[in-house]
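# mind looking at a prediction? Sequence and model below.
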Amino acid sequence: MGGRKSEQEQDRDPRVTLALLWGEQEKPTRGPKPKLTPQRIAAAAAALADSEGLDAVSMSKVAGEFGVSAMALYRYVPGKAELVELMVESVLAEAPDLSAAAEGDWRAAVREWTRQCARLYTAHPWLLGATAMRRQIMGPCQLGWLDAALAALEPTGLDGGRRHQVFLLLIGLVRNLAQQHSDHDEEREREWNRLSGELLARHADRFPALAKAVAEGAFEPDGTDPLEFGLDRILDGVEALVAERE
């Protein structure tokens with residue numbers, strides 16, 4: 001993301017966001033019982049993002065789902081930035097189930113973790129933008145996914161630093177494939193392939209390695225699952241690291 005922070009971001013109090021994500025905000029002791037909760041609001045916002053994208057989510061639009069004014073939501077959620085953090089928590093609420101992997105079979109456990117994570121990004125494409133690789137405040141559900149990945153890697157005997165680096169490779173693979181899926185436009189891709197193919201044919205002598213790869217079908221689908229291919233390469237690398245350590 002980068003760049004200067006908006007005035008709204010600069011004014012954010014991280015303690016407020018933490019309290020929301022961890023359910024530690026002060027509860028009112030007087031007055032009528034609240035009609036909404038931050039969790040209900042986040043679930044409605046996540047459903048809206050699923051159907052219309054993250055940019056379509058606004059406090060006023062989410063408020064409309066409950067038949068209240070936007071101002072009514074600010075009693076529960078300070079603003080959209082905090083709402084997005086809560087939305088992430090809502091879709092990560094179900095912890096990954098790795099019970100199908102045999103105990104101690106770290107490759108199977110890590111593979112299952114990655115597959116489940118990839119399914120989440122497919123079901124909720126807006127997660128890609130909502131969880132940009134930055135130092136963000138994380139709630140218990142998001143940390144639960146990280147904890148599960150690190151636990152799955154414990155049988156490797158690698159130290160915490162190496163396990164975290166492997167986690168970054170895994171989530172990087174998932175996010176990269178999610179980005180490719182988000183950017184994919186079949187009609188435009190066909191046109192791009194045609195034009196670039198014609199261009200390369202005229203200038204093959206300038207890019208011999210690329211021309212050779214194209215001639216060998218580098219950009220033709222061959223039935224390989226990119227997630228499984230990437231996973232195998234990462235896991236083989238981890239296995240080699242474990243062997244080297246031993």
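Cool, got the structure. None of these values were measured; they are calculated from a predicted model.

# tell me the average confidence for the longest helix along the chain?
Using DSSP state H, we find that the single longest helix of the chain is helix 160-183. Averaged over helix 160-183, pLDDT sits at 94.

# and the contacts of that helix?
For helix 160-183, the surrounding residues in contact (C-beta atoms under 8 Å, 6 or more residues apart in numbering) are 110, 113-114, 117-118, 121-122, 125, 127-128, 133, 146, 149-150, 153-154, 156, 158, 226-227, 230-231, 234, 238, 241. Where C-beta positions appear, they are placed from N, C-alpha and C, glycine not excepted.

# then stretch 210-221?
With C-beta under 8 Å, 6+ apart, stretch 210-221 has contacts from Asn193, Gly197, Leu200, Ala204.

# helices of this protein, start to end?
Using DSSP H, helices in the chain cover 7-11, 14-21, 38-52, 59-65, 70-73, 80-91, 106-123, 127-130, 140-153, 160-183, 186-202, 208-215, 226-245.

# just the buried positions in the longest helix of the chain, please.
Using 16 or more other C-beta atoms under 10 Å as the test for burial, helix 160-183 gives Arg162, Arg163, Val166, Phe167, Leu169, Leu170, Ile171, Leu173, Val174, Arg175, Leu177, Ala178.

# cool, and stretch 111-119?
For stretch 111-119, by 16+ other C-beta under 10 Å, it's Arg111, Glu112, Trp113, Thr114, Gln116, Cys117, Ala118.

# surely Thr131 meets Val91?
No - the criterion here is C-beta atoms under 8 Å, and Thr131 misses it with Val91 at 10.1 Å.

# out of these two, which sits in the busier spot?
Per other C-beta atoms under 10 Å, whichever of Thr131 and Val91 has more neighbours is Val91, with 22 against 18.

# doesn't His124 make contact with that one?
Yes - taking C-beta under 8 Å as the definition, Val91 is a contact partner of His124 at 5.1 Å.

# identify the contacts common to these two.
With C-beta under 8 Å, 6+ apart as the test, Val91 and His124 both reach Ala46.

# just to revisit the earlier point, which of the buried residues of helix 160-183 sits closest to Ala47?
Proximity of those to Ala47 (C-beta to C-beta) peaks at Ala178, which lies at 19.1 Å.

# give me the number of residues near the nearest residue to Gly197 once chain neighbours are set aside?
Nearest residue to Gly197, sequence neighbours excluded (C-beta to C-beta, 6 or more residues apart in numbering): Val214, at 7.3 Å. Number of residues near Val214 (other C-beta under 10 Å) recorded here: 18.

# tell me the spacing between Val214 and Glu186.
Distance, Val214 to Glu186, using C-beta to C-beta, to the nearest Å: 19 Å.

# domain-wise, how is this structure divided?
7-91, 106-184+216-245 (automatic domain parsing).

# kindly provide the whole-number mean pLDDT of the shortest one.
Per-region confidence: domain 7-91 scores 85 on mean pLDDT.
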